[in-house]
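[1] predicted model, plus sequence, below.
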Amino acid sequence: MKIKVCTWKMCSERFSSYIIDRLKNDKDRFNLDTLEIEESLCMWECKKWPNVVIDWEKHNSCSPTKVSDILFKKIKNNNANN
């Protein structure tokens with residue numbers, strides 16, 4: 001699973017770095033070895049910041065907790081489908 005977090009001006013001002021830190025912590029804590037976390041260029045939705053893309057699906061107005069919740073719901077759904 002790949003997650004991209006916008007780190008440009010508006011998103012950075014809304015603490016996108018904390019989202020990245022939370023994701024890295026989740027990855028280590030729960031042994032999510034296949035999780036890829038990347039910083040991203042602007043996603044062009046600056047009025048809905050910070051922006052995050054998880055497996056090609058964009059999420060707006062994110063917080064570290066919101067992104068973590070989305071991540072674990074996706075993992076749960078993927079495991080239920082396999």
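    Arrived safely, thanks for sending.

[2] okay, CA-based contacts and neighbour counts for the rest of this
    Fine.

[3] quick check: Ser40 touching Ile3?
    No: using Cα atoms under 8 Å as the test, Ser40 is too far from Ile3 to be in contact (9.4 Å).

[4] who's more crowded, those two?
    Ile3 (22 against 15; other Cα atoms under 10 Å).

[5] element containing that one?
    Using DSSP states H and E, the element containing Ile3 is strand 2-6.

[6] buried sites along the longest helix seen in the chain?
    As assigned by DSSP state H, the longest helix anywhere in the chain is helix 64-81. Applying a neighbour-count criterion of 16 or more other Cα atoms under 10 Å, one finds Pro64, Val67, Ser68, Leu71 buried in helix 64-81.

[7] quick check, nearest of the residues you listed to Arg29?
    Ser68 (12.2 Å; Cα to Cα).

[8] and the closest one, what pLDDT?
    Model confidence at Ser68, expressed as pLDDT, equals 96.

[9] you'd agree it is up against Arg22?
    Yes: applying Cα under 8 Å, one finds Ser68 in contact with Arg22, separated by 7.4 Å.

[10] pull the residues that contact the longest helix of the chain.
    The contact list for helix 64-81 (Cα atoms under 8 Å, 6 or more residues apart in numbering) reads Tyr18, Ile19, Ile20, Arg22, Leu23, Asp26, Val52, Ile54.

[11] ok, and the most crowded of those?
    Val52 (28 neighbours).

[12] tell me the contacts of the closest residue to it other than its chain neighbours?
    Spatial nearest neighbour of Val52, chain neighbours left out: Val5 (4.6 Å); criterion: Cα to Cα, 6 or more residues apart in numbering. Counting by Cα under 8 Å, 6+ apart, Val5 touches Ser16, Ile19, Ile20, Ile37, Glu38, Glu39, Ser40, Pro50, Asn51, Val52, Val53.
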